[in-house]
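Engineer: only geometry, no sequence info:
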C-alpha cells in the first residue's frame with residue numbers, strides 16, 4: 001500500500017508529512033484511499049499488522065477508517081464487522097502491553113470506538129461495554145485512561161446538546177441512551193467507583209469526575225449520589241489535582257432535573273458534607289486553587305438553593321401576576337425576572353413549564369382592563385403602559401433563549417383576533433397589535449432580517465406581522481389600533497418586502513382611505529401621514545406598478561385645507577408623491593409633467609399667499625398675519641419636501657427638473673426681505689437641499705441666494721447657518737466657486753474678524769444664550785475655513801494680508817480650548833510634554849507627529865495657566881530651565897514654537913472649538 005510522491009519519496013514518511021510542498025499530494029492520496037472501497041480494509045491491516053512507520057502515518061490511516069465507519073459501516077457485512085472488532089481488540093491489547101501511545105492517537109481511537117458503539121449498540125453488539133472494557137478488566141493504566149476517554153467521546157457522539165443533529169440522529173441517540181440505562185450503565189457506574197477506590201489510578205480520577213459530570217444528566221441519580229460514592233467525590237474536591245473536575249461533577253449533580261423537594265434535600269445534604277469537610281472554609285493559608293474551588297462550590301450550590309427555594313413561591317407569584325389589578329400584578333415582576341434569569345437556560349421540564357406559565361400569564365395581562373380606554377391618555381392609562389413595559393422586560397429573557405414559548409401564544413392571540421374579525425374585543429385587538437410591534441423586543445431581533453433561520457420559531461415569528469397586516473380589522477373603534485397597524489408596517493418593512501405583491505397593496509390601500517390619511521382623528525392623520533412617507537421610501541420598488549393609481553388619489557389631499565390635513569401633513573404628502581413619481585414605472589416626460597404640476601401648485605399657492613399676507617397687513621390683523629406667515633413658510637417647506645425624492649445619487653439633473661426647483665427658489669428669494677424675514681429658515685433649508693441635488697447649475701443662483709440670505713441674517717444664529725451653507729457649497733463645488741460671482745473671501749474674512757475680535761463680541765448681550773450662539777458661530781467659521789483649506793482655495797479667496805488675518809484668527813480661537821480643570825494632573829501632563837518635545841528626534845514643521853506633540857504641549861500649558869495656581873510659575877520656570885539645559889542651542893535658533901505652522905494652528909483651533917462646544921452643551 002506504499003504510495004510514492006512525484007520525487008519518489010514515501011507519501012506518508014514523517015518528513016513528507018511536515019513538508020508543506022508535499023501536503024497536497026498526501027491529502028490527495030488520503031482522499032483516493034477513502035474513496036477506494038478496499039482502502040479502509042488495507043488501512044486496518046497495516047495498523048493491526050504494525051506495518052506503519054510512525055505515529056503520524058497511524059493517525060492518517062485512522063482518518064480513512066473513520067470515514068468508512070461514518071459512511072458505510074452501518075451496512076457492513078458480517079466479515080467486515082469482524083474486521084472492525086478485531087481492530088478494536090488489537091488496540092486494547094496494544095494498550096495492555098504498556099506501549100507508549102501519544103495522546104492524539106488515544107483521542108482519535110476513542111472517537112473511533114464511540115462511532116462503532118453508536119452504530120452497533122444495542123442491536124448488533126448489545127454487550128459492547130462489557131466485552132470491550134469491563135469483563136476484560138484493566139490490565140494496564142492505559143486501558144483505564146482509554147476507557148474513560150471513550151466514554152467521554154460516546155457522550156459527545158450521542159448526548160451532547162451543543163451539537164446540532166438531524167431528527168433521525170436525535171431519535172437514534174434517544175434509543176441508545178435508553179438501551180444504555182438498561183444494559184450497561186450500572187456496570188459503568190460500578191467501574192467508576194472501583195477506579196476512584198484504587199489509589200494507583202489517581203491520575204485518572206479527574207477523568208472519572210468528568211465522565212460523571214457528562215453522564216449524570218441522563219442516568220439515574222441513585223447510581224452516583226450514594227453513601228460510598230459521595231465520600232470519594234469529597235476526597236476528589238480536597239485534592240488539588242482533581243478538584244476542578246470534582247467541582248464539575250458536583251455541578252452536574254445539583255443541576256440534574258428532579259422534583260424541587262428532592263433537589264433541595266440533595267443540595268442541602270451535599271452542602272453539609274462539604275462544610276463538614278472544611279471545603280468551603282477560607283483560611284489564612286488558602287492558596288489560589290483553594291479559593292477557586294471554594295468560589296465555584298458556593299456559586300453552584302447557592303445558585304441551586306435560590307432556584308429550589310424560589311420554586312416553592314412560584315405558584316403564589318403567578319397567582320399575583322395574574323391579578324387584574326396592575327398595581328398588584330407588578331409587585332412580583334422583579335422577583336419573577338430574577339428567577340427567570342436563573343432558570344432560562346435550564347432544560348428541566350419543570351423549569352420550561354414554569355417559564356411557559358410566566359409568558360402566558362404576562363400576555364394575558366397585556367390586555368387592558370375594561371375600565372381603561374385604549375385611546376386614553378389619563379394617569380391610569382399611562383401607568384398601564386408602564387406596566388406593559390415591565391411585562392415585556394419579564395418576557396424578554398425567556399424569549400431570547402426560548403423563542404417558542406413567546407411566539408406560540410402570540411400566534412394563538414393573533415389567530416383569535418383574525419377569526420373573530422370585527423366582533424373581536426377591541427382591547428384584545430389593541431393588545432395584539434402592540435404585542436406584534438414589540439415582538440422584536442421580546443425575541444432575538446434578527447428574526448426581522450431573514451426568513452430562513454435555522455430556528456423554525458424565528459421563521460414563524462416573521463409570519464405574525466404579515467398575518468396582522470393582511471387581515472386585522474380596522475373599523476375605527478380605536479385610534480391606537482390604526483396607528484399601531486401602520487407602525488407595524490414600517491417597523492417590519494424588511495419582512496413586508498418578502499411578500500410585496502400580497503402585503504404592499506393591502507397596506508397602501510389602508511394608508512389612503514378612511515383607515516389612514518382620512519381618519520377622523522387629527523392625531524391619527526398626522527402620524528399616519530408621516531408613516532406613509534417611511535413606508536413609501538421602504539417599499540418604493542414594490543409600489544412601482546401602483547404609481548398611476550396612487551398619485552391621483554393623493555392629488556386632492558394636496559389642495560389647501562383639504563380633508564383637515566395640516567400644512568406639515570401636506571408637506572409629507574408632497575414628499576410621498578415626488579418619491580412615487582421618481583421611482584415609478586413612468587416615462588421621463590411623464591415624470592417631468594407630474595413634478596411640474598406639483599411645483600406649479602406650490603408656486604401658485606405661494607403667490608396667492610403673498611397677496612393675502614399683504615391684505616392682512618393692510619388691515620393690521622395681527623392674528624391673520626401671523627397665520628399667513630406660518631402658511632407661507634410651510635409652503636416653502638413643501639418645496640423642500642418635494643426635493644427629498646432626490647439625493648446625491650438620484651439627481652434633479654438626471655430627471656431634467658433642475659429648472660423647476662431653481663424657479664421655485666428664485667420665487668421665494670424675491671419674496672425674502674428684512675420685512676419677510678420669517679421666510680429665512682425655510683428658504684435656507686431649501687437651498688441646502690438644492691445644493692445636494694443640483695450640480696453646477698446651482699452656481700448661477702449663488703449670488704442672489706447668498707445676497708438675500710446675508711441681507712436677512714441679522715443675529716448670531718442666522719449667521720451661523722449662513723456660514724454652514726457656505727461650508728456645504730465650498731465642500732461640494734471646490735474651486736468652481738471662484739467663478740460663481742460670490743465673494744466667499746469677504747464672507748470668510750468677516751467671519752474670522754467677528755469670531756476672534758473681543759471688542760466686537762463685547763457689544764453683544766452677555767447672557768448664556770448669546771454666549772452659546774457665539775460659540776456655535778465660531779465653530780461654523782471653523783467648518784467653513786476647513787472646507788476652504790481642503791479645497792485649496794484659501795489664497796484665491798483671501799490673498800495676502802487677508803489670509804494672514806484668517807490664520808491669526810484661527811490661532812487665537814485655538815486658545816479657547818483652555819476649559820479643562822483637572823487639578824495637579826494637568827501640571828504633570830504639561831511638564832512631561834514640554835520635556836519630551838525637544839528630545840524627540842523627528843521634530844519637524846512638516847511632521848505629523850511633531851504637530852500632535854506640539855498641540856498637546858499647548859493644551860497642557862493653557863490648562864495649567866487657567867488653573868491659576870501658585871505653583872504655575874515655578875513649574876513652568878523649572879520646565880524651561882530643563883529645556884534650555886538639554887537643547888538650548890536648538891531653542892535659541894528656532895524658538896519655542898518650532899513646528900507651529902498653519903495646519904497646526906487650524907488643528908488646535910478645531911479641537912478647541914469642539915471642546916468648548918461640548919462644555920457649553922453639558923453646562
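Structural biologist: Good, I have the coordinates. A quick note: this is a predicted structure, and the numbers were derived from the prediction, not measured. Residues are numbered from 1 along each chain as shown.
Engineer: Which secondary structure elements does the host helix or strand of residue 807 sit against?
Structural biologist: Residue 807 is part of helix 801-814, with elements assigned from DSSP states H and E. Helices and strands touching helix 801-814, as assessed by 3 or more C-beta pairs under 8 Å, 6 or more residues apart in numbering; DSSP states H and E, comprise helix 744-756, helix 768-790, helix 794-797, helix 902-922. All C-beta spots, glycine's among them, are computed from the backbone N, C-alpha and C.
Engineer: Tell me which residues are up against the shortest one.
Structural biologist: Meaning helix 794-797. 735, 738, 744, 745, 748, 785, 788, 803, 806 (C-beta atoms under 8 Å, 6 or more residues apart in numbering).
Engineer: List the buried residues for it?
Structural biologist: Within helix 794-797, the residues scored as buried using 16 or more other C-beta atoms under 10 Å are 794, 797.
Engineer: what is the rounded mean pLDDT of that helix?
Structural biologist: Averaging pLDDT along helix 794-797 yields 85.
Engineer: The second one now?
Structural biologist: Confidence for helix 768-790, expressed as mean pLDDT, is 83.
Engineer: For the longest helix anywhere in the chain, buried residues please.
Structural biologist: Ranked by residue count, the top helix of the chain under DSSP state H comes out as helix 588-619. Within helix 588-619, the residues that count as buried by 16+ other C-beta under 10 Å are 591-592, 594-595, 598-599, 601-603, 605-606, 609-610, 612-613, 616.
Engineer: which is the next helix or strand following that helix?
Structural biologist: helix 622-643.
Engineer: hmm, who's touching that following helix?
Structural biologist: 567-568, 570-572, 574-575, 577-578, 595, 598-599, 602, 605-606, 609-610, 612-613, 616-617, 652, 661, 664-665, 668, 671, 676, 678-679, 681-683, 685-686, 689-690, 693.
Engineer: Repeat the analysis, applying 6 Å as the threshold.
Structural biologist: For helix 622-643, contacts defined as C-beta atoms under 6 Å, 6 or more residues apart in numbering pick out 567, 571, 574-575, 578, 598, 602, 605-606, 609, 612-613, 616-617, 664, 668, 678, 682-683, 685-686, 689, 693.
Engineer: can you check stretch 402-421 too?
Structural biologist: So stretch 402-421 is contacted by 355-356, 359-360, 363, 395, 398-399, 424, 429, 432, 435, 442-443, 455, 457-458, 460-461, 464, 467, 471, 473 (C-beta under 6 Å, 6+ apart).
Engineer: Return the members of those residues classed as buried.
Structural biologist: 355-356, 359-360, 363, 395, 398-399, 424, 429, 432, 435, 442-443, 457-458, 460-461, 464, 467, 473.
Engineer: on that earlier part again, list buried residues within the contacts of helix 794-797.
Structural biologist: By 16+ other C-beta under 10 Å, these give 744, 745, 748, 785, 788, 803, 806 as buried.
Engineer: which of the contacts of helix 794-797 sit farthest apart?
Structural biologist: The span of the contacts of helix 794-797, defined through C-beta to C-beta, is set by 735 and 806 at 17.7 Å.
Engineer: ok, back up a step: just the contacts of helix 794-797 now: which is nearest residue 529?
Structural biologist: residue 744 (39.5 Å).
Engineer: Quick one, grab the pLDDT at that closest one.
Structural biologist: 91.
Engineer: what do you get for residue 24?
Structural biologist: Confidence score, pLDDT, at residue 24: 76.
Engineer: gap between it and residue 39?
Structural biologist: With distances taken as C-beta to C-beta, to the nearest Å, residue 24 is found 19 Å from residue 39.
Engineer: okay, these two: which has more neighbours?
Structural biologist: residue 39 (20 against 10; other C-beta atoms under 10 Å).
Engineer: The closest residue to the more buried one other than its chain neighbours: which element?
Structural biologist: Nearest residue to residue 39, sequence neighbours excluded (C-beta to C-beta, 6 or more residues apart in numbering): residue 33, at 3.9 Å. Residue 33 is part of helix 23-35, with elements assigned from DSSP H and E.
Engineer: That helix: how far from the chain's middle?
Structural biologist: Remark: helix 23-35 is offset 43 Å from the chain centroid, using C-alpha atoms, centre = their mean, to the nearest Å.
Engineer: could you say what helices and strands that helix packs with?
Structural biologist: With contacts taken as 3 or more C-beta pairs under 6 Å, 6 or more residues apart in numbering; DSSP states H and E, helix 23-35 sits against helix 55-71.
Engineer: Downstream of the helix it packs on, the next helix or strand is which one?
Structural biologist: helix 78-96.
Engineer: which residues of the stretch 301-450 of the chain fall in helices?
Structural biologist: 314-321, 326-329, 333-343, 349-365, 379-401, 403-420, 426-437, 439-442 (DSSP state H, counting those that start in this stretch).
Engineer: Show me the one of the ones you listed that comes nearest residue 292.
Structural biologist: Using C-beta to C-beta, the nearest of the helices of the stretch 301-450 of the chain to residue 292 is helix 333-343, at 22.4 Å.
Engineer: how far is the closest one from where the chain is centred?
Structural biologist: That offset, for helix 333-343, works out to 24 Å (C-alpha atoms, centre = their mean).
Engineer: could you give the mean pLDDT of that helix?
Structural biologist: Computed over helix 333-343, the average pLDDT equals 90.
Engineer: who's in contact with that helix?
Structural biologist: Helix 333-343 has contacts (C-beta under 6 Å, 6+ apart) with 307, 310, 317, 351, 358, 390, 394, 397, 398.
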